[in-house]
Each structure stands twice: as C-alpha cells, then as structure tokens.
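*Asks:* Fold the following.
(one chain, ligands or ions: 1)
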Amino acid sequence: MKQIAIGVSSCLLGHRVRYDGRDKRNSIVENELCSRFQCIPLCPEYAIGLGVPRAPVQLIQDGENFAVVGVADCSMDITTSLRGYADFVGNTLIDLCGYIFKSRSPTCGLTDTPVFDHHGKEVGKGRGEYAARLIRHCAALPAIDEIQLADPNLRQEFILQVETYSMSLKR
Ligand code: SF4
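*Replies:* Okay, the predicted model is just below:
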C-alpha cells in the first residue's frame with residue numbers, strides 16, 4: 001500500500017544542506033516518523049539555487065512586511081524566490097499530508113524564528129518566509145517542527161492529523 005507522504009526540512013533528515021554545510025539530523029523524525037510515513041526532503045534555500053555552504057540569512061520586519069536577507073549583506077534578498085518555491089511546492093506536491101519544519105530558520109521556522117529590524121536588533125519571533133507562504137497556500141496541512149515533535153502528545157496529535165488529512169484527500 002502506498003505510504004502517506006509528508007514534507008520534511010531536508011536538514012532534519014541528515015542532508016548537509018545548511019548554510020554552514022552541516023545537517024540537523026533528528027532521530028525522532030528519522031526513526032519514528034519516516035518509518036510510518038514517506039518523508040519527502042525539501043530544502044527551499046538549496047532549491048532556489050543557493051549553494052552549500054552559503055552566506056547566512058535572517059528574517060527582517062519592516063512595518064507589516066517581512067523579508068529574508070543576508071546577515072552580512074542585506075542587498076541579498078531571497079524573499080521573492082522563497083515565496084515562488086513555496087507556491088511551486090503547494091501546487092505540485094499536492095499529495096503531501098503533513099509537514100515537519102526546522103525550527104528557528106528564517107526560511108522554514110514555524111513559530112519561533114527570530115525577527116530582526118534593519119539595525120540587527122531582535123524585535124520578536126515569527127514564521128520563516130517559506131513556511132508562512134506554504135501554510136497560507138495549504139491552510140489545512142498539518143504542520144509541526146522538530147521541537148514540538150519531541151513532545152509525545154504533540155507528536156501523536158500530529159500523526160493523527162496527518163492520517164485524517166490523508167483520508168480527506170481520498171474522498
Ligand atoms: Fe534548508 Fe530549511 Fe534546513 Fe535551512 S532549515 S537547511 S532552508 S531545510
């Protein structure tokens with residue numbers, strides 16, 4: 001029987017795609033979730049053509065607007081490319097029944113990404129730009145990050161949500 005597919009931030013699956021050339025392998029994702037679901041690795045920053053290693057980026061806020069720009073060079077603005085990639089994933093990977101995001105990332109973070117102003121001062125926490133766009137696109141898609149996944153109750157809840165979402169797609 002075909003396994004239910006979920007998207008996963010590639011670095012959580014041990015892919016060395018982070019800006020510093022490292023991964024963020026997560027044993028719960030690998031051992032528990034990937035034995036239950038088909039885990040599709042997705043790294044937006046790599047997919048839009050940034051190499052590994054690459055210059056780090058950060059999430060900045062200007063009034064109502066958010067952008068993902070280089071930490072050292074704010075003229076490096078990847079916001080539009082990340083939004084375009086989120087639209088592409090939302091339009092093409094229509095079988096995805098859930099998503100495990102990497103916490104704190106300016107691209108993939110779900111709730112706890114540091115947000116900075118133009119002077120580099122942290123002004124709060126928010127959602128990475130790719131995650132925000134994808135969730136806006138697929139509002140009902142079950143989503144979690146690896147920190148939340150460490151909580152057995154939240155993990156179980158996510159698994160049930162994914163299975164329920166999968167059934168709703170078949171109807
Ligand atoms: Fe790629 Fe997202 Fe992981 Fe960053 S957090 S390395 S963009 S998958």
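*Asks:* show me what contacts Val29?
*Replies:* Val8, Leu12, Leu13, Cys39, Ile100, Glu146, Leu149 (Cβ atoms under 8 Å, 6 or more residues apart in numbering). (Glycine included, C-beta is placed from N, CA and C.)
*Asks:* ok, of the residues you listed, which one's closest to the ligand?
*Replies:* Leu12 (7.0 Å; Cβ to the nearest ligand atom).
*Asks:* in the longest helix along the chain, what counts as buried?
*Replies:* Ranked by residue count, the top helix of the chain under DSSP state H comes out as helix 152-170. Of all the residues in helix 152-170, those buried under the rule 16 or more other Cβ atoms under 10 Å are Arg155, Phe158, Ile159, Gln161, Val162, Glu163, Tyr165, Ser166.
*Asks:* My guess is the first one contacts Arg36. True?
*Replies:* To tie it back to what came earlier, the one meant is Arg155. No - at 10.6 Å, Arg155 and Arg36 do not qualify as touching, with contact defined as Cβ atoms under 8 Å.
*Asks:* which residues touch Val162?
*Replies:* Ile4, Ile6, Phe37, Cys97, Gly98, Pro142.
*Asks:* Over to Leu93?
*Replies:* Ala5, Gly7, Ile40.
*Asks:* Repeat that for Ile135.
*Replies:* By Cβ under 8 Å, 6+ apart, the contact set of Ile135 is Arg127, Leu141, Ala143.
*Asks:* Out of the buried residues of helix 152-170, flag the one nearest to the ligand.
*Replies:* Phe158 (18.0 Å).
*Asks:* circling back: looking at the contacts of Ile135, which are in strands?
*Replies:* Of those, the ones assigned to strands by DSSP state E are Ala143.
*Asks:* which of the contacts of Leu93 count as buried?
*Replies:* Ala5, Gly7, Ile40.
*Asks:* which non-adjacent residue is nearest the first one?
*Replies:* Setting aside the residues directly before and after it, Ala5 is nearest to Gln38 in space (Cβ to Cβ, 6 or more residues apart in numbering), at 4.5 Å.
*Asks:* Which pLDDT value goes with that neighbour?
*Replies:* We have a pLDDT of 97 for Gln38.
*Asks:* Tell me how far it lies from Asp95.
*Replies:* Distance of Gln38 to Asp95, given as Cβ to Cβ, to the nearest Å: 9 Å.
*Asks:* Could you name every residue contacting both of these two?
*Replies:* Contact with both Gln38 and Asp95 is made by residues Ala5, according to Cβ under 8 Å, 6+ apart.
*Asks:* ok, the residue nearest to the spatial centre of the chain - contacts?
*Replies:* Of all residues in the chain, the one closest to the mean position by Cα atoms, centre = their mean is Cys108, 3.0 Å from it. Contact analysis of Cys108 by Cβ under 8 Å, 6+ apart lists Ser9, Pro44, Phe101, Lys102, Gly128, Tyr130, Ala131.
*Asks:* No further questions, thank you.
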